[in-house]
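# What would the 3D arrangement of this be:
(2 chains)
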Amino acid sequence: MSKRKAAPMMEFRTVKRIDNSRLARHMEPAKQKNLFKTAGLGGVVALFFLFYIFQHFKCIDLSFQLEDLKTRRAQVAQLNSELKLEIANLRDPMRIDVIARRQLGLTEPLPTQMREYEAAAGEQVAVARFVRRGQQR
Amino acid sequence: MQEEKVHVRLLIVAGVALLWMTAVFGRLGYLQLIRHSDYLARAQRQQQRTIEITPKRGAIYDRNMHPLAMSVPVESAFAVPAEIGDNKILASRLLSNVLGIPRAVLETRFESSGSFVWVSRKLPPDKAEAVRALNLKGVYLQSENQRYYPKRELAAHVLGFVDLDEKGLGGIEYGLDSLIRGKSEKIVVMADARQRWFDGGSAQKDQGANVILTIDEKIQYIAERELAAAIAKTHAMAGTVIVQNPNTGAILALANWPKFNPNSANEAKAEARMDRAVSAIYEPGSTFKLITLAAALDQNLARPDEWFNCENGAVYIAGHRIRDHKPFGMLTVSDILAQSSDVGAIKIALRMGAPKFYEYIRAFGFGQQTGVDLPGESKGILRKLDNWSAISIGSVSMGQEVGVTPMQLVTAVSAIANGGTLYKPHVVAEVKRGSESLPMTGALAPGEPKEVIRPETAATLRRLMEGVLLHGTGPRARLDGWTAAGKTGSAQKIDPATGRYSRTQLIASFSGFAPINDPAVTILVSLDSPVGEHEGGQVAAPVFKRIAEQVLPYLDVPRDVPLSPKLIQAAYHRNEMEDDSSLSDFAPVDFSAQPDQAPAAQNSEKKAETPKPTVTVALDEGGDIAVPDFQGKTMRDVTEMCLRLGLEPVLVGSGLAVDVAPASGAKVRRGAKITVRFGEPEAVMKAARNAKPGGKTRNR
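Numbers count the residues shown, from 1 in each chain, chains lettered A, B, ... in the order given. Sure thing, here's the model as predicted:
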């Protein structure tokens, strides 16, 4: 019985320890500048797009607000119109006449009971003097 | 081998990517190029809505900017039946409960169209809120404008009215519809996915214009109230009152009876909506004698003191006998007007001749439209001179065979009042859009004033017209505190049954102005077929008096005659007065003829029955200037005296002072105009004789 020979070692591993801590990476200034430029430009474009999107949505949001305000303005204008109408109704000469005669018991003054008052320029004409005939009865 | 495999895989991936890209771009191309219009339309339907904005109709104001007509936003409900879908019956039932519209009516409406139907228009706020609360799919609310006339019947015939779509159908609303209405505008609004609307477009560019009238609501009310009281008292069929400023032609009030409420014009009869002031034609009767006399005096064919034989009540023209209303003998021209003698007027007209007379009638504006800015104006009836018969000159001279409108007559009387200038009557003072005044063109263009008679003729005629009130047919028109002039008229109407003049139906009228010297208002009162007392001097003259005595102090017109002692006594001792029959004209107007629409007043009606203390407002007196006696004075003396007293003299004629208006002794304000008439010394002597006790004196 022949003794089998051991196979020769074909591969071996060596550890090569390299210390490159003292090496400094060389950066080309032009390349770096370009990089910053591109990044900056990209940032500006991104910002522009972000701003554009922000503006677009803000615009829509403001449009809603504007519509709300318009609605409120229309409501206030409507109220204003209704109040003006109410004032006009209350100032109806017939209504005032009926109240004056029926509720307050006022009568038309005789021509003699009204005298023209010639006020000096800039002066206010004095208020009428009231004579309550009913109290004398 | 390995490399080949990798290459094949890459090709597959690239092919798939290419196919995917081709598919995407193909789809994109299909959507953007082939289906572009379809999808655009669909997107617009979903995201956009075109709304037609109807501009708010402009307001109408009186001359003091008090609103007489205005529009207020209200909401109307409409439906899109296609959106309601299968819930039409449920929607009809719910809406019927809220709006009070029969369910069947709503169902029919929903079936009639798929895109748009009105549910109910111009809803009151509470009903609009109720519809909103229902939150029905396919039922929406839209804002519209509702026209309101806050003073109800006041100046209704001037304002007119509108239909449901706010289209003017009468009066100023119709005449100036294109200006008041403005122009409709369409705007596009966008919606998001939740159907919230935004980006609603710009504001209105062409709003309705506001109209400012010459009408004064207080004077209008006075005119309407007095007309209503007169109608209630006389039971007349209809009536008209016009108050005009004679110095500009501006109409201060225009009242008609029957009247209507423009807020519910569709409920009123067509007869009530008719503006009689501009469209009713009637024979003016005796008031037309003013034109006869104006023409004769202007041509110096007659003098005020000239005598005419009035033939004891009848005159023959071309074989026709024309009878006077009363037999008169010899009358002066002044008395012919004062007593309203038909025979006298005919004789004056005959002296003048038809051609000249016709010329003056046309010059005063009869037989043609006055050009007033109100729709539906009639031009009256005046036959061409060629068509006049032999009797026409007699008929026309006393106001028959001629048809006039109240507007024509008041304008002619104003021409006499202002010194002979005919102004175009108008009710529109200004038209404004925002704060900008619009040019007055077309019907609004101011007419060119024209002199129809000389100022001297007008002054003479004014004096003669004063005589009508002082000693003629119109004493009931005399004013307390102011001079006034006018002419009564009682024209017989033609009976449609017989085609002849009716003996019972008359048009009673009075046209006059005050004060004589510097007229502030011309007033025409016309009553159609009064029952009982029916003559102009009996029924129309008191209405003139009542209106003038309220309007003149309101316009701050100074008094030019002293008040009658009876009135002064009445003012301070009214309680003690036993006989106050002479003061009947000052009794408060009976409001039975007026519908009381004030709720507060209705509630307190019971309270009003109990006697109330009478409150009287007394104003302090101001210092007045007494008009001196100028009789027999020269022009120079008169001018000096007037200037010394601070009065403005108006001198008419030549020679020595014969007459003065206001009368000597009357209290006037500083700066008042005093008209002094000059004449021959004989006239001065005559005037002095008349001024003596027992002579013809002026009681005012």
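# where along chain A do the helices fall?
Ranges of helices in chain A, per DSSP state H, are A:29-90, A:93-98, A:133-136.
# Tell me which of those sits nearest to chain B.
Distance to chain B, taken as Cβ to the nearest Cβ, is lowest for helix A:133-136 among those, at 1.9 Å. In short, each C-beta sits where N, CA and C put it, glycine included.
# Low-confidence ranges, chain B, go.
Regions of chain B meeting the criterion pLDDT under 70 cover residues B:1-2, B:51, B:53, B:114, B:194-206, B:564-624, B:683-700.
# the domain parsing of it - what is it?
B:50-213, B:227-260+B:278-426+B:437-557, B:625-691 (automatic domain parsing).
# The ones you listed: which one's closest to chain A?
Across these, closest to chain A is domain B:50-213 (Cβ to the nearest Cβ), at 3.5 Å.
# Neighbours of B:G447, how many?
14 (other Cβ atoms under 10 Å in any protein chain shown).
# residue contacts, B:D659?
B:463, B:676-677, B:679, B:687 (Cβ atoms under 8 Å, 6 or more residues apart in numbering or on different chains).
# Show me which of these are buried.
B:463, B:676-677, B:679, B:687 (16 or more other Cβ atoms under 10 Å in any protein chain shown).
# So which of the domains of chain B has the densest surroundings on average?
Each of the domains of chain B was scored by mean neighbour count; the highest is domain B:227-260+B:278-426+B:437-557, a mean of 21, by mean count of other Cβ atoms under 10 Å in any protein chain shown.
# center of chain B - which residue?
Geometric centre of chain B, nearest residue: B:L254, 3.2 Å, by Cα atoms, centre = their mean.
# strand partners of the helix or strand hosting it, parallel vs antiparallel please.
Assigning secondary structure by DSSP states H and E places B:L254 in strand B:251-257. In the sheet, strand B:251-257 lines up against strand B:238-244 (antiparallel) (DSSP bridges).
# Specify the next element, helix or strand, located C-terminal of the one helix or strand B:F110 maps to.
Using DSSP H and E, B:F110 sits in helix B:103-112. Next helix or strand after helix B:103-112 toward the C-terminus (DSSP H and E): strand B:117-123.
# Number of residues surrounding the nearest residue to B:H157 once chain neighbours are set aside?
Closest residue in space to B:H157, ignoring its immediate chain neighbours: B:D275 at 4.2 Å, by Cβ to Cβ, 6 or more residues apart in numbering or on different chains. B:D275 has 23 neighbours, counted by other Cβ under 10 Å.
# B:D275 touches B:G171, doesn't it?
Yes. Assessed by Cβ atoms under 8 Å, B:D275 is found in contact with B:G171 at 6.8 Å.
# so what's in contact with the two at the same time?
With Cβ under 8 Å, 6+ apart, B:D275 and B:G171 have common neighbours B:157-158, B:374.
# just these now: which is nearest B:Y554?
B:V158 (18.8 Å; Cβ to Cβ).
# That closest one sits in which helix or strand?
helix B:156-159.
# other SSEs contacting that helix?
Using 3 or more Cβ pairs under 8 Å, 6 or more residues apart in numbering or on different chains; DSSP states H and E, the elements in contact with helix B:156-159 are helix B:171-175, strand B:251-257.
# List the contacts of the closest residue to B:L552 other than its chain neighbours.
Leaving aside its sequence neighbours, B:L552 sits nearest to B:W482 (Cβ to Cβ, 6+ apart; 5.6 Å). Counting by Cβ under 8 Å, 6+ apart, B:W482 makes contact with B:514-515, B:548-549, B:552, B:557, B:559-561.
# show me the contacts for the residue nearest to B:H157.
B:157-158, B:170-171, B:254, B:256, B:374, B:376.
# Ramachandran coordinates for it?
Here is the backbone geometry of B:D275 (degrees, to the nearest 10): phi -90, psi 90.
# gap between it and chain A?
Using Cβ to the nearest Cβ, to the nearest Å, B:D275 is found at 20 Å from chain A.
# from the chain's centre, how far out does stretch B:516-535 sit?
Centroid displacement of stretch B:516-535 relative to its chain, using Cα atoms, centre = their mean, to the nearest Å, is 16 Å.
# and if you look at stretch B:45-64?
Distance, centroid of stretch B:45-64 to centroid of chain: 28 Å (Cα atoms, centre = their mean).
# C-alpha coordinates for that stretch, PDB please?
Coordinates of the C-alpha atoms in stretch B:45-64 are reproduced here as PDB (Å, rounded to 0.1, in the frame of the first residue of the first chain):
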ATOM      1  CA  ARG B  45     -68.400  71.200 -16.700                       C
ATOM      2  CA  GLN B  46     -67.000  69.900 -13.500                       C
ATOM      3  CA  GLN B  47     -64.700  72.700 -12.500                       C
ATOM      4  CA  GLN B  48     -66.200  75.800 -14.000                       C
ATOM      5  CA  ARG B  49     -69.500  77.500 -13.900                       C
ATOM      6  CA  THR B  50     -70.600  80.500 -15.900                       C
ATOM      7  CA  ILE B  51     -72.900  82.800 -13.900                       C
ATOM      8  CA  GLU B  52     -74.800  85.600 -15.400                       C
ATOM      9  CA  ILE B  53     -74.700  88.600 -13.000                       C
ATOM     10  CA  THR B  54     -77.800  90.800 -13.400                       C
ATOM     11  CA  PRO B  55     -76.800  94.300 -12.300                       C
ATOM     12  CA  LYS B  56     -78.600  95.800  -9.400                       C
ATOM     13  CA  ARG B  57     -81.200  98.200 -10.800                       C
ATOM     14  CA  GLY B  58     -80.500 101.800 -10.000                       C
ATOM     15  CA  ALA B  59     -82.500 103.600  -7.300                       C
ATOM     16  CA  ILE B  60     -84.900 106.500  -7.900                       C
ATOM     17  CA  TYR B  61     -84.700 109.400  -5.500                       C
ATOM     18  CA  ASP B  62     -86.700 112.500  -4.900                       C
ATOM     19  CA  ARG B  63     -84.900 115.900  -5.200                       C
ATOM     20  CA  ASN B  64     -83.700 115.600  -1.600                       C
END
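# Spatially central residue (nearest the centroid) of chain A, please.
Note: chain A centre (Cα atoms, centre = their mean) maps to A:Q65, 6.4 Å.
# Read off the pLDDT value for that residue.
With respect to pLDDT, A:Q65 scores 89.
# would you list the domains of chain B in TSV and tack on distance to A:V15?
As requested, the domains of chain B are arranged in TSV below (distance: least, Cβ to Cβ, whole Å):
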stretch	distance to A:V15
domain B:50-213	67
domain B:227-260+B:278-426+B:437-557	104
domain B:625-691	130
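# Let me see the residues that make contact with the helix holding B:V158.
Residues outside helix B:156-159 that contact it (Cβ under 8 Å, 6+ apart) are B:60, B:68-69, B:149, B:170-173, B:213, B:215, B:251, B:254-256, B:259-262, B:273-277, B:374, B:427.
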